[in-house]
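J.: coordinates only, sequence not included:
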C-alpha cells in the first residue's frame with residue numbers, strides 16, 4: 001500500500017507558488033471591489049440608524065463582487081479565482097476569535113454568551129453588540145460576503161458550458 005500521497009496533482013513547486021500568489025491577488029481584487037462598494041455607499045451618507053441602507057449594502061456587497069469575479073475569471077480563465085472563498089473563511093474565523101476575545105461592558109453585550117456575542121456583532125443591524133466600534137457587520141459580514149461572492153462569480157464564469 002502506498003503511504004505517500006501526492007496532493008500537488010503533478011504540479012511543480014513553482015506552479016503551486018504561482019497559484020498561491022494568484023489566490024492572494026484575487027483576494028486583493030475582491031477586497032478592492034468591496035472597498036469601492038463601501039466608498040460609494042459612504043458618499044451617499046446613509047442614516048446609520050436605519051436598516052434599509054444596511055440591507056442595500058449587503059445586497060451590493062454580494063452582487064458587485066460577484067459580477068467583478070465573473071468578469072475577471074472570464075478574462076483570465078483562472079480556476080484559482082474560484083478558490084478565494086477560502087480567504088473569506090479564514091478572515092471570518094480570525095474576526096470571530098477577535099470578537100470573542102473583546103471585553104464586554106455596559107452597552108457592549110454585557111451578559112452575552114459566545115454565540116449571542118457573534119450574532120449581535122455580525123448579523124444584527126438595529127441592536128448590535130457595540131463591539132468593534134459598531135463595525136462588526138462591515139468587517140465580519142460584508143467583507144467575507146464580498147470575497148465569497150467574487151468566488152461564486154468566478155465559478156459561474158468558469159463553468160464548462162460558458
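T.: Cool, the structure landed. These figures come from a predicted structure and were not determined experimentally.

J.: hey, let's count contacts and neighbours off CA atoms from now on
T.: Fine.

J.: Next SSE downstream of the lengthiest helix in the chain?
T.: Of all the segments of type helix in the chain, defined by DSSP state H, the longest one is helix 13-43. The element immediately downstream of helix 13-43 (helix or strand, assigned by DSSP states H and E) is helix 52-76.

J.: Just want the angle from that following helix to helix 13-43.
T.: 150 degrees (axes from the mean of the first three to the mean of the last three Cα atoms, to 10 degrees).

J.: Could you list the buried residues of the longest helix of the chain?
T.: For helix 13-43, a neighbour-count test (16 or more other Cα atoms under 10 Å) marks 19, 22-23, 26-27, 29-31, 33-34, 37-38, 41 as buried.

J.: Quickly name whichever of those is closest to residue 120.
T.: Nearest to residue 120 among the buried residues of helix 13-43, counting by Cα to Cα, is residue 38 at 21.0 Å.

J.: who touches the closest residue in space to the closest one that isn't next to it in sequence in this structure?
T.: Nearest residue to residue 38 in three dimensions, chain neighbours excluded: residue 57, at 7.5 Å (Cα to Cα, 6 or more residues apart in numbering). Neighbouring residues of residue 57 by Cα atoms under 8 Å, 6 or more residues apart in numbering: 37-38, 41.

J.: which residues of this structure score low on pLDDT?
T.: 1-8, 107, 162 (pLDDT under 70).

J.: element containing the residue nearest the centre of it?
T.: Geometric centre of the chain, nearest residue: residue 144, 1.4 Å, by Cα atoms, centre = their mean. Using DSSP H and E, residue 144 maps to helix 143-157.

J.: Run the angle between that helix and helix 52-76 for me.
T.: Using the same axes, to 10 degrees: helix 143-157 against helix 52-76 is 40 degrees.

J.: Mind giving me the packing neighbours of helix 143-157?
T.: With contacts taken as 3 or more Cα pairs under 8 Å, 6 or more residues apart in numbering; DSSP states H and E, helix 143-157 sits against helix 13-43, helix 52-76, helix 85-101.
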